[in-house]
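1. Predicted model and sequence below, questions to follow.
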Protein chains: 4
Amino acid sequence: MNKTKNLIFKSAIKIFSESGYRGATMDDIAANAGLVKGTLYYHFKSKEEIFNFIVEEGLQILQNQVIEVQNMNIGPIEKLIKICRIQLTFLYGYTDFFKIVMSQLWGTEHRQNELRHKIRKYINEIEINIRTAMEIGEIKKGDVELIAFQFFGSLCSSAIYESIHIEKINLEDIIESTIKFTLNGLGIDINRYI
Amino acid sequence: MNKTKNLIFKSAIKIFSESGYRGATMDDIAANAGLVKGTLYYHFKSKEEIFNFIVEEGLQILQNQVIEVQNMNIGPIEKLIKICRIQLTFLYGYTDFFKIVMSQLWGTEHRQNELRHKIRKYINEIEINIRTAMEIGEIKKGDVELIAFQFFGSLCSSAIYESIHIEKINLEDIIESTIKFTLNGLGIDINRYI
Amino acid sequence: MNKTKNLIFKSAIKIFSESGYRGATMDDIAANAGLVKGTLYYHFKSKEEIFNFIVEEGLQILQNQVIEVQNMNIGPIEKLIKICRIQLTFLYGYTDFFKIVMSQLWGTEHRQNELRHKIRKYINEIEINIRTAMEIGEIKKGDVELIAFQFFGSLCSSAIYESIHIEKINLEDIIESTIKFTLNGLGIDINRYI
Amino acid sequence: MNKTKNLIFKSAIKIFSESGYRGATMDDIAANAGLVKGTLYYHFKSKEEIFNFIVEEGLQILQNQVIEVQNMNIGPIEKLIKICRIQLTFLYGYTDFFKIVMSQLWGTEHRQNELRHKIRKYINEIEINIRTAMEIGEIKKGDVELIAFQFFGSLCSSAIYESIHIEKINLEDIIESTIKFTLNGLGIDINRYI
DNA sequence: AATGAATGAGGTTTCATTCAT
DNA sequence: CATGAATGAAACCTCATTCAT
């Protein structure tokens, strides 16, 4: 990615995350990058293309790390824990990117359908581990897909937390707490309540 | 709420959920309601007002149910379980409304800041119960706020699940699974891994 | 056609004829109609739609008159003479419209292909009469299609004449001269030269 | 004309003929020539200059041939016949060029006024012969100018014919038919109808 | 000579809002 | 109450032109 394209890339992430896809204007993106609108169109065919480029690049980074874990010679639970850590580190490293994803995960516009499709594929990786863990008896049988989404939801929770919570956070604390919550929930003896 | 206003209300929820706030046009909202654009302005001052009205009404319904629970004479865990059920039932009953909230929870526009503020207040209710549960030793000490968000995140997970998953779901199954996940996570003996 | 739409229609004909399809701007059309750009889009979906509307309406008027002639109980030559008169009267009555057609008859853009197709259909009407006249021996056998185009070309000639020639013309003189030219050409004894 | 300039020249003719002056983009012209936009500006000052260059070169070729005829020691009718043949041969040899001229013959933009002016001068050559032919009694008296345009219109007819008619044509057939039409029209005994 | 990048003026289109009826 | 027409600000996008290399 050449210098100007990278400038646009970064600027667009900022603007999209602040204003959403529709709310972001090409003028804003250009101005924020210290460029002129026309220049954006030299490097990208359209606003939509900038968006797709961002999504592609961002998810690639996350996906790559996950695949690395998947190829490790460790058990499914260890993999899930690692993925949890990756997800959260990613979230706090690329907060703006994440907000973009979150805001565009809903709705029926083409770009939104596409994005959901990509996220679905990502969750598949998680699902694989949960299924394996069930098969070898490490976690109780259940709706694999649903549980995979709940696992992924930890990301979502943290994103909302980050979005609403203003004070500085400590990433390690959050990772630890989230992993614990994912593994044990509130840590309640379920039989006492259900 | 008179008949036409209600028509607009329902139409706007549908359109906002499909296209987001910015993507939704007054024309779309009107057409979907079988009305004409001008008519909307008889019942609402602006697009923003329609949005606010929807958010207010929607969250009111949720909030009311939660307050009812809060006033019950039961323990904090029981309350949390009930709230979990309420949240999910609400989510599946008002899916479109929920998508609107989810899509507008990010970004720095006024309407988005406002919405986050309201959600923050809602999460406070959850926080109260978690704090109490900690105080009476029902759950282990931890970052109350973060855990409250993780609890709320179950909602988020389910919303994404609903959004991505196409097949018909069984609400009771989801509620049961989610409550279990919330109480026990993946049900892993944490000491073996951390 | 309501008042404003008619205003736009007339304005667009003027602007298109002056600047061609691409050279004409929506701002020009609006300003010339005493309106604001946005108003154009209330009545027409796009610039292309305005263009199509103009072509449709214009050719309709011409076509209607020709069909009337075709239905008369007269010989093919008489019909051709009448059509020649109609064409020229139309040309001088709707000069601007004609210039639009002429300027858009070339090129490979969609709108141009469409227009050629429509003109082709119009020329068919002429062709019918030429074929009949040949069959009954009123004119010599020859390439019917080509001759039909040459007949239609009289229109073209006059349009160029009108376009280049600035002085006031007398319509009846032109009609008479053109009919003569069409029937007899330069009036040369062909055998002396070919 | 050096190689690259010639490349641009040919490419521009093709693109202008396909899209008209306004519709043609410098990018299209460059790409079609296997060059890059910037290169065009090394050889031509502007788009308009490319256009003028094309018109100049094209008309020069036609004009030269006509002047050659004018200098011959033959009668005016013979000259007209030769010019007719030249015109048609030129039209079918430089179809794209001709389409450019035809599409730019209308409208009030500078380039269009200029072009009309040049065509007017060309028609003057025809006019001279018609006037002479009238003076020596070879053709009947009439509006010299108008008849000259009608003569020139045969070109126009053929251009439209070429543009609309898809099948392969035989140039000699067209030339013969057009000359006949020019000399004798439909070959009708005018007194029977007027 | 040729190129690729950048520019900015200006084009088409969208759309929330206003208003007379 | 409801409507249809009109508006204008602002959005996305195009493209001729310039310029450093």
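-> It's in.
2. Can you give me the domain assignment for chain A?
-> A:1-44, A:48-192 (automatic domain parsing).
3. Could you work out the end-to-end span of the shortest one for me?
-> This points to domain A:1-44. 12 Å (Cα to Cα, to the nearest Å).
4. At which residues are the helices of chain A located?
-> Secondary structure of chain A by DSSP state H: the helices cover A:3-23, A:26-32, A:37-43, A:47-70, A:76-93, A:95-103, A:110-135, A:144-164, A:171-184.
5. Which strands and helices lie in contact with the fourth one?
-> Using 3 or more Cβ pairs under 8 Å, 6 or more residues apart in numbering or on different chains; DSSP states H and E as the contact test, the elements touching helix A:47-70 are helix A:3-23, helix A:76-93, helix A:95-103, helix A:110-135. Bear in mind the C-beta positions are built from the backbone N, C-alpha and C, glycine included.
6. so which of these comes closest to chain B?
-> Proximity to chain B (Cβ to the nearest Cβ) singles out helix A:3-23 among the helices and strands packed on helix A:47-70, at 3.3 Å.
7. got the CA positions of that closest one in CSV?
-> The C-alpha coordinates for helix A:3-23 follow below in CSV (Å, rounded to 0.1, in the frame of the first residue of the first chain):
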residue,chain,number,x,y,z
LYS,A,3,1.8,6.3,1.2
THR,A,4,-1.2,8.2,0.0
LYS,A,5,-3.4,5.2,-0.1
ASN,A,6,-2.4,4.4,3.4
LEU,A,7,-3.2,8.0,4.4
ILE,A,8,-6.6,7.6,3.0
PHE,A,9,-7.0,4.2,4.6
LYS,A,10,-6.3,5.5,8.1
SER,A,11,-8.3,8.6,7.6
ALA,A,12,-11.3,6.7,6.4
ILE,A,13,-11.1,4.3,9.4
LYS,A,14,-11.3,7.3,11.7
ILE,A,15,-14.1,9.0,9.9
PHE,A,16,-16.2,5.9,9.3
SER,A,17,-15.8,5.0,13.0
GLU,A,18,-17.0,8.5,14.1
SER,A,19,-19.9,8.9,11.7
GLY,A,20,-20.7,5.5,10.3
TYR,A,21,-20.6,4.6,6.6
ARG,A,22,-23.4,6.9,5.5
GLY,A,23,-22.6,9.7,7.9
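8. Show me the one of the domains of chain A that comes nearest C:Ile86.
-> Judged by Cβ to Cβ, the one of those that comes nearest to C:Ile86 is domain A:1-44, at 49.1 Å.
9. And chain B, is that closest one touching that?
-> Yes: against chain B, domain A:1-44 shows contacts by Cβ under 8 Å from any Cβ of the partner chain at A:17-23.
10. For that domain, the averaged confidence score.
-> Here domain A:1-44 scores 96 as its mean pLDDT.
11. distance between that domain and the chain's centre?
-> Averaging C-alpha positions (Cα atoms, centre = their mean, to the nearest Å) puts domain A:1-44 21 Å from its chain's average.
12. do that domain and DNA strand F meet?
-> Yes: Domain A:1-44 reaches DNA strand F (Cβ under 7 Å from any atom of the strand) through A:24-27, A:37-38, A:41-42.
13. which of those has the most neighbours?
-> A:Ala24 (24 neighbours; other Cβ atoms under 10 Å in any protein chain shown).
14. and stretch A:26-46, is it in reach of chain D?
-> No: interface with chain D: stretch A:26-46 contributes nothing (Cβ under 8 Å from any Cβ), its closest point being 11.1 Å away.
15. Check the residues of domain A:1-44 next to DNA strand F one by one and keep those near DNA strand E.
-> Counting by Cβ under 7 Å from any atom of the strand, the members of those near DNA strand E are A:37-38, A:41-42.
16. residue of chain A with the smallest distance to chain D?
-> Minimum separation of chain A from chain D (Cβ to the nearest Cβ) falls at A:Tyr42, amounting to 11.1 Å.
17. which residues does that residue contact?
-> Listed by Cβ atoms under 8 Å, 6 or more residues apart in numbering or on different chains, A:Tyr42 has no contact partners.
18. quick one: A:Lys79 and A:Met72 touch, right?
-> Yes: A:Lys79 lies in contact with A:Met72 (Cβ atoms under 8 Å); the separation is 6.9 Å.
19. what about these two, which has more around it?
-> Legend: neighbour count by other Cβ under 10 Å for A:Lys79 and A:Met72, higher for A:Lys79 (22 against 10).
20. ok, the more buried one to A:Thr132 distance?
-> To A:Thr132, A:Lys79 is 9 Å away according to Cβ to Cβ, to the nearest Å.
21. and what of A:Glu109?
-> For A:Glu109, the distance to A:Thr132 - Cβ to Cβ - is 36 Å.
22. So for A:Ile194, what's the pLDDT?
-> 63.
23. ditto for A:Val55
-> 97.
24. which residues touch it?
-> Counted by Cβ under 8 Å, 6+ apart, A:Val55 has contacts A:100-101, A:115, A:118.
25. re the thing from before, save the ones next to DNA strand E among the residues of domain A:1-44 next to DNA strand F as TSV, and put in distance to A:Phe53 too.
-> Output for those, formatted as TSV (distance: Cβ to Cβ, whole Å):
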residue	distance to A:Phe53
A:Lys37	17
A:Gly38	18
A:Tyr41	14
A:Tyr42	14
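26. And those, which is closest to chain B?
-> Nearest member of those to chain B, counting by Cβ to the nearest Cβ, is A:Lys37, at 19.1 Å.
27. what about A:Leu62, neighbour count?
-> A:Leu62 has 22 nearby residues by other Cβ under 10 Å.
28. correction: A:Glu167
-> 5.
29. and the residue minimising distance to the centre of chain A, how far is that from A:Tyr92?
-> The centre of chain A sits closest to A:Phe98, judged by Cα atoms, centre = their mean, with a distance of 5.3 Å. With distances taken as Cβ to Cβ, A:Phe98 is found 9 Å from A:Tyr92.
30. Now for the residue nearest to A:Gly23 when sequence neighbours are not counted: which residues touch it?
-> Distances taken as Cβ to Cβ, 6 or more residues apart in numbering or on different chains place B:Arg22 nearest to A:Gly23, at 5.0 Å, with adjacent residues excluded. B:Arg22 is in contact with A:20-23, counting by Cβ under 8 Å, 6+ apart.
31. Most neighbours among those, which one?
-> Among the contacts of B:Arg22, A:Gly20 has the most neighbours (other Cβ under 10 Å), with 24 neighbours.
32. rewinding a little: by neighbours, which of the contacts of A:Val55 wins?
-> Ranking the contacts of A:Val55 using other Cβ under 10 Å puts A:Ile100 first, with 28 neighbours.
33. Next, find the distance separating that one from DNA strand F.
-> 14 Å (Cβ to the nearest atom of the strand, to the nearest Å).
34. Go ahead and confirm that residue touches A:Ile54.
-> Yes: in this structure, A:Ile100 is within contact of A:Ile54 by Cβ under 8 Å, at 6.8 Å.
35. Those residues of chain A touching DNA strand F, which are they?
-> A:24-27, A:37-38, A:41-42, A:45-48.
36. Now compare those residues and name the two farthest from each other.
-> Spatial extent of these (Cβ to Cβ) is set by the pair A:Ala24 and A:Tyr42 at 18.7 Å.
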